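K.L.:
Take a look and give me a structure for this.
(chains A and B)
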Amino acid sequence: MQKEAQEIEEAIRSYLGMNHRLAGIRIAGENMDGNHPAIPVTFCRAVREALGGKELVIGTDDLSCPNAELCLGFREPMFVDIGPRIQSKTKMVRIGPLDGADVVLFVLNPEQVMIMSILLGGIRAEFKGERAICGEAVAKVYNEGKPNVSFLCNGARELGGFEAHEVVLGLPYALFLELPDRMSKFASLSRSVRESMSQLLRRC
Amino acid sequence: MTKIDQEINLKGGVCPYTFVKTKLALEMMEPGEVLRVIVDYLPAVENVPRSVHNEGHQVLDVSQMNDSDWAITIRKSK
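P.N.:
Next up is the predicted model:
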């Protein structure tokens, strides 16, 4: 991983007090080298594994969930048009590395989303509890170039291993690169400062 | 007209349960038998046919029945 992306990741994880790593998602119209899953997996499961540091490339044959095939642009719908979905002809998706990603995924709790929304100047979230990671957190963010928060879906929670207190923020890579400046502006929101301020407030 | 051996009503169901219940219904059927699945959840209209196709079954038809409901007709493979 290039130094800049790695430093930004370390900084924002410390700032927010995150346990998980970030997951970069790159949408490609050509083949990419990399490790494919041993068996077909759901996209959300592959993302979950990337949060632990795993790096994967997936093609349509690697996906066990048709939702992700549609949302990520691997194929067109056959019977009904459902969105959000990437409408380019996707060949491969790289999951994990932040360098050159299109979208960066954060797994957060509500307080951390609050902090991120202050850093970003507000987040107008749109979610429906359907096609959450593939659609709401990746495709919508990729298409619109704006962050989105997804409260996940049954598939992500049952099959992807996401827990009840977790939500996912999808951030365009360009905004990810701006995080150091934004964290400097709001240094008082870093976890360490907030903890000391909380103690101070309790004494008032 | 294709003879329907079994029909399941999955109205009100959402992903991934619509596929899971379809798969379970197919498992209880004999090869060659035909299952009709009724759904009213649009993602299932795309997902169930694709998923059963990937499992090797034959999707005979996907039709809209009315404003909300869709019927997916599947022949169980060997």
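K.L.:
From now on I want contacts and neighbour counts done on CA atoms only, so please keep to that.
P.N.:
OK.
K.L.:
where exactly do the strands run in chain A?
P.N.:
Taking DSSP state E to define them, one finds strands in chain A at A:23-28, A:56-58, A:92-96, A:103-108, A:148-150, A:167-172.
K.L.:
ok, the last one: who's next to it in the sheet?
P.N.:
When sheet partners are counted by DSSP bridges, strand A:167-172 sits next to strand A:103-108 (antiparallel), strand A:148-150 (antiparallel).
K.L.:
hang on, the earlier thing: ok, which of the strands of chain A comes nearest residue A:65?
P.N.:
For the strands of chain A, proximity to residue A:65 was assessed by C-alpha to C-alpha; strand A:56-58 is nearest, at 12.2 Å.
K.L.:
Quick one: list the elements packing against the closest one.
P.N.:
Contact analysis of strand A:56-58 by 3 or more C-alpha pairs under 8 Å, 6 or more residues apart in numbering or on different chains; DSSP states H and E lists strand A:92-96 as its packing neighbours.
K.L.:
Residues of chain A that sit close to chain B?
P.N.:
Counting by C-alpha under 8 Å from any C-alpha of the partner chain, chain A comes close to chain B at A:64, A:65, A:66, A:67, A:77, A:78, A:79, A:80, A:82, A:130, A:154, A:155.
K.L.:
Please convert the buried members of these into ChimeraX selection syntax.
P.N.:
Here the buried members of the residues of chain A next to chain B are turned into a ChimeraX selection, burial being counted by 16 or more other C-alpha atoms under 10 Å in any protein chain shown:
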select /A:64,65,66,67,77,82,130,154,155
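K.L.:
Any chance of the strands of chain A in CSV with mean pLDDT and distance to residue A:119 as columns?
P.N.:
Supplementary listing: the strands of chain A in CSV, determined by pLDDT from 0 to 100; distance: least, C-alpha to C-alpha, whole Å:
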stretch, mean pLDDT, distance to residue A:119
strand A:23-28, 98, 19
strand A:56-58, 97, 30
strand A:92-96, 97, 23
strand A:103-108, 98, 14
strand A:148-150, 98, 14
strand A:167-172, 98, 12
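K.L.:
Throw these into a markdown table and include mean neighbour count, thanks.
P.N.:
Below are the strands of chain A laid out as a markdown table (neighbours: other C-alpha atoms under 10 Å in any protein chain shown):
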| stretch | mean neighbour count |
| --- | --- |
| strand A:23-28 | 25 |
| strand A:56-58 | 21 |
| strand A:92-96 | 26 |
| strand A:103-108 | 26 |
| strand A:148-150 | 24 |
| strand A:167-172 | 25 |
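K.L.:
Relative to residue B:72, which of the ones you listed is closest?
P.N.:
Scanning these with C-alpha to C-alpha as the criterion, the closest one proves to be strand A:56-58, at 28.7 Å.
K.L.:
So which residue is dead centre in chain A?
P.N.:
Centroid-nearest residue in chain A: residue A:105, 1.5 Å away (criterion: C-alpha atoms, centre = their mean).
K.L.:
For chain A, name the helix or strand with the lowest mean pLDDT.
P.N.:
None of the helices or strands of chain A scores lower by mean pLDDT, DSSP states H and E than helix A:191-203, at a mean of 81.
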